[in-house]
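1. Predicted model follows, preceded by the sequence.
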Amino acid sequence: MDWTAYSGALFDLDGVLTPTADIHRKAWSEMFNSVLAKYPAARAYTDEDYFQFVDGKPRYDGVRSLLADRGITLPEGSPTDSPQDATICGLGNRKNEVFVNVLARDGIGPYQGSQRLVDALAARRVEMAVVSSSRNADSVLRASGLRSRFDVVVDGLLAAKEGLAGKPAPDTYLRGAELLGLDPARCVVFEDAVSGVEAGAAGHFGLVVGVDRGVGAERLLASGADVVVNDLEEVIQ
């Protein structure tokens, strides 16, 4: 890949820089299946549901999407709800509690190919940002040893504070480019989620690279990816 055409790189976190998607999938599965067990007519939660309804979205949006598919209506609640509350926010908080516990217990490291690309871009003085729906992005970056590489992190906390719409809206990626002081047309977006690829395409970024961690290359291309790779090391030159 010819990096002379681009000045910035905007990375999703989970599934792109770090294999935290594995922890997220386990946490979502544990939370949703405990809830769906109370609705005998509802289909059990699967990894396909993760990719279709949850992956890349803000936490509460993921809860809404899955429950809507199952025809289940719960009160919205508020972000301060207990993880035990039967509300949209309560379930989102329950999932996050599981995630945080697993992260603290097991830790996380970056994908080796992603680490090498980040190092290569830093050497080229390419501006870099992390754009993640997660409210735990800072903790994950610190646990992985990548935090010092990124001066700009647009995460779920900043999005909530600034009222930015979550992916698939392009707002968080556009904010990342703005904080880097760059035109989106000069930036590359790296995403493994359909909603994130859609966000990059909607923002008219210079290049949207889909990272296939299980969604499938065809779905990423159909969602707006310009190219799909299996590992970020493939775009180092």
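-> Structure received. Keep in mind that what you see is a predicted model, and the values were worked out from it rather than measured.
2. Could you break this protein into its assigned domains?
-> When the chain is parsed with automatic domain parsing, its domains come out as 3-19+109-235, 22-106.
3. Now the ones you listed in CSV, please, with extra columns for mean pLDDT.
-> Converted to CSV, the domains of the chain look like this (pLDDT from 0 to 100):
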stretch, mean pLDDT
domain 3-19+109-235, 96
domain 22-106, 92
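4. can you give me the helices for this structure?
-> All helices of the chain, identified by DSSP state H, fall at 20-36, 47-49, 59-69, 88-106, 112-123, 137-144, 156-162, 171-180, 194-202, 217-222.
5. Select, out of those helices, the one closest to L13.
-> Nearest to L13, of all the helices of the chain, is helix 137-144, at 5.4 Å by Cβ to Cβ. Every C-beta, even on glycine, is put in place using the N, C-alpha and C of the backbone.
6. What residues of that closest one count as buried?
-> By 16 or more other Cβ atoms under 10 Å, the buried positions in helix 137-144 come out as A137, D138, S139, V140, L141, A143, S144.
7. Out of the residues you listed, flag the one nearest to F150.
-> Distance to F150, by Cβ to Cβ, is smallest for L141 among the buried residues of helix 137-144, at 6.8 Å.
8. so what's that closest one up against?
-> L13, L17, V130, R147, F150, V153 (Cβ atoms under 8 Å, 6 or more residues apart in numbering).
9. Next, find the distance separating the spatially most central residue of the chain from D12.
-> Centroid-nearest residue in the chain: G56, 3.9 Å away (criterion: Cα atoms, centre = their mean). Using Cβ to Cβ, to the nearest Å, G56 is found at 7 Å from D12.
10. Mind listing the shared neighbours of those two?
-> Both G56 and D12 are contacted by E191, D192, A193, G196, under the criterion Cβ under 8 Å, 6+ apart.
11. okay, those residues in a markdown table with distance to P168 next?
-> A markdown table is the format used below for those (distance: Cβ to Cβ, whole Å):
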| residue | distance to P168 |
| --- | --- |
| E191 | 10 |
| D192 | 14 |
| A193 | 9 |
| G196 | 7 |
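12. hmm, which of those are the buried ones?
-> Looks like the shared contacts of G56 and D12 have E191, D192, A193, G196 buried, using 16+ other Cβ under 10 Å.
13. Which member of those residues is positioned nearest L221?
-> Using Cβ to Cβ, these come closest to L221 at E191, 12.2 Å.
14. Now do the contacts for the nearest residue to V118 once chain neighbours are set aside.
-> Nearest non-adjacent residue to V118, counting by Cβ to Cβ, 6 or more residues apart in numbering: R149, 5.4 Å away. Contact partners of R149, counting by Cβ under 8 Å, 6+ apart, are V118, A122, M128.
15. what's the spacing between R149 and A120?
-> According to Cβ to Cβ, R149 stands 11 Å off from A120.
16. How about L232?
-> Here L232 is placed at a distance of 10 Å from A120 (Cβ to Cβ).
17. Compare these two (neighbour count), which wins?
-> Taking other Cβ atoms under 10 Å, L232 and A120 do not tie; L232 has more neighbours (25 against 16).
18. what's the burial count for the closest residue to V189 other than its chain neighbours?
-> Of all residues not flanking V189 in the chain, G200 sits nearest, at 3.5 Å (Cβ to Cβ, 6+ apart). As a burial measure, G200 scores 31 neighbours (other Cβ under 10 Å).
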